[in-house]
Every structure is written in C-alpha cells, then in structure tokens.
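K.L.:
Here is my input, please return the structure:
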Amino acid sequence: MADAQTAANLAAQIDQALTPVSNFVSSIIFYSVEVAGVSLPLVVVWLMAAGVVMTLSLRFINFRGFRHAVGMVVNPRDQKDASGEISHFQALSAALSGTIGLGNIASVPLAIVIGGPGAVFWMILAGFFGMATKFAECAMAVKYRKILPDGRSIGGPMYYIEAEFKRRGLKTIGKGAAIFFALMTIGASASFFQINQTHAQFANVTGISAPLAFGVVMSALVGVVVFGGIKRIGYVAGKLVPFMAVLYLGAALIIIALNITALPDAIATIFRSAFGLDAMGGGLVGALINGMRRATYSSEAGVGSAAIAHAAVKTNEPLTEGYVALLEPFIDTIVVCTITALVVILTGAYLPFLYQPDAVGIEITSNAFAGTFSWFPIILLVSSTLFAFTSVVSWVFYGAQAVGYLSNGSKTMDATFKIGICLLLCTSAAISVSSILDFIDSMLFAMAIPNILVLYMMLPEIRRDVKAYEARHGL
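P.N.:
Residues are numbered from 1 along each chain as shown. As a prediction, the model looks like this:
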C-alpha cells in the first residue's frame, strides 16, 4: 500500500508539472473547429482526407484488392528465399495486435453515446477509406526497409520519409521529418492506458485491487515477448490474435443471436441516426464526426504505426504486404467495432449514458455483456487483458524500431529501450496521469503529419507500382 501511495503521489506531481506542456502540445495536435456545435479535430480531417484520396487515386483498391489480400494470407506464396523475418499472417497479426486494443471495446460505446447510434455508419465508412491508406503506407514501408548484416529487418515510415525528401533534393528536411516521426513513435509506445484500464476491469470483476503487482506481471510478460524480437512477437500474435478474436467475437455474436429479432430495428436505428437532423448529439454532423474520430483512433490508418510491423514481412514484392495490410482496418474497424456497436445497441446498454461525454466506455460494454449472462464480464475481462497485452507488445516493438532508426540498428540501444519501457510500464496500473496520457495521444497523432504528407508526395510512385504489380499477376 505504501509503495502504491508513493507511486500515486509521484504520479500526481508529474501530472501537475506536465499539465502546461501537455495542454500546449494537445492544443496544437488536436486543434479543433466547431461544426454545428460539435468539436472536429483537424487531425481527424487530415487522416480521413488521406483515406479518400488514396481510395480514389488507387481506383478503389479497398474493393479490387480484397480477394487478392485474403488469398495472400490464406494461401501465401513460397517466400523461402525472400528477405524479412515473418510471414504475411504473422505480420498482419502483429499489426492487428497493436490496433485491436481497448479502443475497440471502450471507444465504440463512446462514439454511440456522444454522437448517437448513427456514428456506427460513419465509423464503418471511415474504416473502409482507411484500408487504402494502410495499403499505401505498408507497401512503402516494405519497399524502403533496411536488412541489417545479422539478418534483422528494420523499417517503417521514417525510412521512406527520409528517402522521398532526399530524392527531391531536400535531404536535411527529410532527415528532420524522419527523426520527428521516430521520436513521436518512441513517445507513443508508452501504453499506460492499456495496462491501467485492464487493471480497472480486473478489479471490477474480481474485487482484487493490486495495481503494482498487476503492472509488474504484465510488464514482465511483455518483456519476455519483446526481447525475442519480431519473430517471437509474430509467433505470439499469430496465436493470441485469432484466439482473442474468437473469444470476444464469439461472446458478442451469442448476444446478437439472442437478440436477433431486434437486429433489423437496430440497423434501422443506425441509418436513421446517421442521416438524422435531431439536435441531440449534433444530429448528422455529430454522428459523422464522432464516427470518423473513433474509426481513426481505432485503426490508426495514416498514423504509420502498423507499417513498422508489416515492414518485417518475408517477401521480395513490397506490394504483397500492402494488400495484406488493407485487411487490417476491415477486421479492426468494420468487423470488431461494428459487432461491439451492435451488442451495445441491441442490449440498450448505451441508453442511460446517451449524449453524456463523460461516460466510461468499457463500463457500457461490460454492462451490455452482463445484461445477457452474469458471467459474461469474465469473458470481457479475459478478452480485454489479451487485447491490452498484445497491443502493449506491438507498441514496444514500434518504439524499439524507432530507436533502431535513430541508433543505426544498435543492439545495445535496442535492449536499453526495451528494459526502460518495461520498467516504466510497471507503474502504469497504479497511477492516474491524465496529462501524460494526453501527451502520449498527441505524439501518436503527430506521427500522421509527416507520414501522410510523404504518402501524397509518393502517390505517383505507388500508382506505378500498383499498375506494374497488377500487370504481372493478371489482376
């Protein structure tokens, strides 16, 4: 108890000291404009616009490439002699483990209670456009990755950011932009929220509150996985992601099946709210903005994070991973988030919290599960713990790859970073540091600024590569 109190006091002091800095940075990254009384962060517009532009420029590759993408995962080509470290499935699983986190469980109910059920429609649409952005950034990450002498692959947006500016005679600017991206990635890799909220759900279900012990155990398990490198991360993610998806989605589908007669009305409610003009929640504008916001937060399409995991794939054709990567927003946002939304709407768990911006998302989902079977929150606890664990593992790897870029692949710096971040995460369940969390979120979305800018610059190259790939493979 004394240790927990000391950690809490220290966290409060850090929180107070960082508040002015956090508020300043957040005010820049999340600068918002009022649209019909609803706050719209411009970074969301930046991310959504990129999805629309990529979709149109690549001739709706979200549709055209979907079947080919599934084929790459289900029936992969022989890549025995290819560069890289992990399979397409493992790369997809590793990237999904970074995006399928508590955001899918907690953010979706928040979108519904703040913007109304119609937010779900716009969330799905935003996820669809995000598929094209994921295609572009992940294909380029593989194309511009580096293979180190010891066989390790290291890649991500920082490499193609630097290369594109250098090609245009702006080497210094490119290096600065790539370093900025890497530093933001390192900052965003401190996944306090995942462990903190998982412990809150653990304490709520079991009645046991042991934040320091919980944080130490989670961090130790994370350390065991991340010190094995991307091969171990890919292996663990390849096992856990399908399991946790089946566990969570299986429970959710049972709830939907038990309320199947109400499903048509729920879908009708989503569409009416999506195009409605009711003043509550901002009507159409409120539903649209909140749906887009949650979709961008969930899939991270355009942020560039998942491209770091996909860069480790074993392939000699970079565009193959672009196709595989476009499945990620489909699974993460269109499937998982939509099923979560249907559970919340069908059970009516959102109604007591409707249009209350201070509602706690995971509690709404937990209530939706508990309303069907009293023991269902245990399923949610196991699912959320696995979601959080795999998400933390992926983000520690992203941070380590950014350190690798800055240190030219130094193994010493890699180990130092991983030890440091795991020690830092030990206290994340015991403290409540809102300013630090806001600061971390700011760094996460700051990554999208140079990443999307360079994707626009590289669009002619991406289109040429797609045309050549489709010609070779008869697509």
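K.L.:
And the strands in the stretch 1-150 of the chain?
P.N.:
Taking DSSP state E, counting those that start in this stretch as the test, the strands found in the stretch 1-150 of the chain are 32-35, 38-41, 146-147.
K.L.:
Among those strands, show me which one is buried the most.
P.N.:
Greatest average neighbour count among the strands of the stretch 1-150 of the chain goes to strand 38-41 (a mean of 18), per mean count of other C-beta atoms under 10 Å. For glycine as for every other residue, the C-beta is placed from the backbone atoms N, C-alpha and C.
K.L.:
which secondary structure elements does that strand contact?
P.N.:
Packing partners of strand 38-41 (3 or more C-beta pairs under 8 Å, 6 or more residues apart in numbering; DSSP states H and E): strand 32-35, helix 283-299.
K.L.:
and residue 395, what element?
P.N.:
If you go by DSSP states H and E, residue 395 is part of helix 376-406.
K.L.:
Which residues does the next helix or strand after that helix contact?
P.N.:
Reading on from helix 376-406 to the C-terminus, the next helix or strand found by DSSP H and E is helix 411-425. Helix 411-425 is contacted by residues 186, 189-192, 195, 215, 218-220, 222-223, 226-227, 392, 396, 399-400, 403-404, 406-407 when judged by C-beta atoms under 8 Å, 6 or more residues apart in numbering.
K.L.:
What distance do you get for residue 142 to residue 465?
P.N.:
11 Å (C-beta to C-beta, to the nearest Å).
K.L.:
These two: who's more crowded?
P.N.:
residue 142 (28 against 19; other C-beta atoms under 10 Å).
K.L.:
wait, isn't the more buried one in contact with residue 315?
P.N.:
Yes - judged on C-beta atoms under 8 Å, residue 142 makes contact with residue 315 at a distance of 6.6 Å.
K.L.:
On the pLDDT front, check residue 163 for me.
P.N.:
Listed pLDDT for residue 163 reads 93.
K.L.:
burial of it, as a residue count?
P.N.:
Neighbours of residue 163 (other C-beta under 10 Å): 18.
K.L.:
Once you drop chain neighbours, what's closest to it?
P.N.:
In space, and not counting its chain neighbours, residue 163 is closest to residue 144: 5.3 Å by C-beta to C-beta, 6 or more residues apart in numbering.
K.L.:
tell me the phi and psi of that neighbour?
P.N.:
Dihedral pair for residue 144: phi -110, psi 10, per degrees, to the nearest 10.
K.L.:
What is the neighbour count of it?
P.N.:
20.
K.L.:
related to what we said a few turns ago, which of the helices and strands packed on strand 38-41 has the lowest mean pLDDT?
P.N.:
helix 283-299 (a mean of 68).
K.L.:
can you list contacts of the helix or strand following that one?
P.N.:
Downstream of helix 283-299, the next assigned helix or strand under DSSP H and E is helix 305-310. The contact list for helix 305-310 (C-beta under 8 Å, 6+ apart) reads 91-92, 94-95, 98-99, 134, 137-138, 140-142, 155-157, 185, 188, 230, 233, 300, 321, 324-325, 328, 394-395, 397-398, 401-402, 444, 447.
K.L.:
try 7 Å this time
P.N.:
91, 94-95, 98-99, 134, 137-138, 141-142, 155-157, 300, 321, 325, 328, 394, 397-398, 401, 447 (C-beta atoms under 7 Å, 6 or more residues apart in numbering).
K.L.:
ok, now stretch 194-201?
P.N.:
Outside stretch 194-201, the residues that touch it by C-beta under 7 Å, 6+ apart are 101-102, 106, 211, 214-215, 218, 362, 381, 384-385, 388, 391-392, 425, 428-429.
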